[in-house]
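>>> what's the 3D shape of this:
(one chain, ligands or ions: 2)
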Amino acid sequence: MLKVILSGCNGAMGQVITKFIESNPDIHITAGFDRNPDKFHNSYPVYNDLSLCHEEANVIIDFSHHHAFEHIVDFALQRKFPLVMATTGLTAENKERLLELSTTLPIFHSANMSLGVNVVLEIVQKISKVLEDSFDIEIIEKHHNKKADAPSGTALMLAEGIDQSLKEDRIFVYGRHTKEDHRGKKDIGIHAIRGGTIVGEHTVLYAGNDEIIEIKHRALSKNIFAAGAIKAAQYILGKEKGYYNMGTLLEENK
Ligand SMILES: NC(=O)C1=CN([C@@H]2O[C@H](COP(=O)(O)OP(=O)(O)OC[C@H]3O[C@@H](n4cnc5c(N)ncnc54)[C@H](O)[C@@H]3O)[C@@H](O)[C@H]2O)C=CC1
Ligand SMILES: O=C(O)C1=N[C@H](C(=O)O)C[C@H](O)C1
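Numbers count the residues shown, from 1 in each chain. Ligands and ions are numbered 1, 2, ... in the order given. Have a look, this model is predicted:
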């Protein structure tokens, strides 16, 4: 039985995961954590302070906010619970701390829990190598008007993945508000659009001379992220300490 402590349980993703787990007899949420603990009537206790949470679990799933990061990581360390970190907007220090924590516990970290985006990541790494010298690369992401962070964690993950696959380091340019400069050859432009109920859309655009390639992923519901996060939790259940992500999960399932 997978026993989950769900952080950010009263948010949009937290509630999708709650419904998802309610229909699965093999998974149980033992407790939730949220700064708004009374917003919904959940079938599990919800705390706004993790020091009050004494329930047992074999994994924490976090979809909250990066402001809660240290609190969650300290709790995982103290209770020795493996952690699935899905929250985006993490700082460089937060990411460093996750790596450090993975020397003690199994940590699964992905800015996008969907299978599709992670396949797109593999594809754009390959394409970018081929087009490196002759095409300009730009990333455009679109999300709903309730999203707190910009650019999305996925856009950054795609940009970092592309950068790692190329011979020369790239410069990330966030938006383009200038009347002076041309686009730099080494730029990867990253552009965020917010509106309505767009679940999540990511496009990597390759613009060359007289030709354009677009690789696009469009999420049609938040269920894909919930399903991916649960798969991630099941995946790290029996794992040794270490740093895992969708790449390692896909690799082991090939
Ligand atoms: N990795 C992935 O596949 C995905 C990641 N996300 C990320 O998950 C996070 C949550 O997304 P949503 O559910 O859409 O947001 P949301 O704003 O609807 O929910 C966040 C929840 O966290 C709680 N919260 C905020 N700050 C807190 C704090 N300091 N301490 C305790 N609780 C706190 C809020 O009360 C809220 O209930 C975001 O960072 C988002 O980008 C979202 C979807 C997919
Ligand atoms: O906030 C969201 O909704 C999403 N956030 C993630 C991100 O920042 O990349 C993943 C997904 O696109 C939905």
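
>>> switch to C-alpha atoms for all contacts and neighbour counts from now on
OK.

>>> Quick check: the gap between residue 126 and ligand 2.
21 Å (Cα to the nearest ligand atom, to the nearest Å).

>>> And for that residue, the neighbour number?
Per other Cα atoms under 10 Å, the neighbour tally for residue 126 reads 14.

>>> Tell me the spacing between it and residue 21.
Separation of residue 126 from residue 21 (Cα to Cα, to the nearest Å): 36 Å.

>>> can you check residue 68 too?
For residue 68, the distance to residue 21 equals 23 Å [Cα to Cα].

>>> what do you get for residue 87?
As for residue 87, its distance to residue 21 is 19 Å (criterion: Cα to Cα).

>>> So which of those two has more stuff around it?
Taking neighbours as other Cα under 10 Å, residue 87 and residue 21 compare with residue 87 leading, 21 against 18.

>>> show me what contacts that one?
Neighbouring residues of residue 87 by Cα atoms under 8 Å, 6 or more residues apart in numbering: 62-66, 111.

>>> Let's see if you can find the most crowded of the residues you listed.
Most surrounded of those: other Cα under 10 Å gives residue 62, at 27 neighbours.

>>> Can you name the residues bridging to the closest residue to that residue other than its chain neighbours?
Nearest residue to residue 62, sequence neighbours excluded (Cα to Cα, 6 or more residues apart in numbering): residue 7, at 4.6 Å. With DSSP bridges as the criterion, residue 7 is bridged to residue 33, residue 62.

>>> Which pLDDT does the model give residue 7?
Residue 7 carries a pLDDT value of 98.

>>> quick one, phi psi at the residue nearest the centre of the chain?
Closest to where the C-alpha atoms of the chain average out (Cα atoms, centre = their mean) is residue 111, at 1.5 Å. Main-chain torsions, residue 111, degrees, to the nearest 10: phi -70, psi -10.

>>> isn't it right up against residue 90?
No - under the criterion of Cα atoms under 8 Å, residue 111 is not in contact with residue 90, lying 9.5 Å apart.

>>> which residues are there in this protein that come within reach of ligand 2?
On the criterion Cα under 6 Å from any ligand atom, ligand 2 has as its neighbours in the chain the residues 88, 111-112, 147, 152-154, 199-200.

>>> max-length helix in the protein?
Counting by DSSP state H, the longest helix found in the chain is helix 115-131.

>>> outside of it, which residues touch it?
Under the criterion Cα under 8 Å, 6+ apart, residues 112, 158, 161-162, 165-167, 204, 206, 215-217, 224, 228, 246-247 lie in contact with helix 115-131.

>>> and the next element down the chain from it?
As assigned by DSSP states H and E, the chain's next helix or strand after helix 115-131 is strand 136-143.

>>> where do the helices sit along this structure?
Applying DSSP H to the chain gives helices spanning 12-22, 69-79, 92-101, 115-131, 153-165, 223-237, 246-252.

>>> Close to ligand 1: what parts of the stretch 51-200 of the chain are there?
Residues of the stretch 51-200 of the chain found near ligand 1 (Cα under 6 Å from any ligand atom) are 63-65, 67-68, 86-88, 110-113.

>>> one more time with 8 Å, if that's ok
When proximity is defined by Cα under 8 Å from any ligand atom, the stretch 51-200 of the chain lies next to ligand 1 at 62-69, 71, 85-89, 109-114, 146-149, 152-154.
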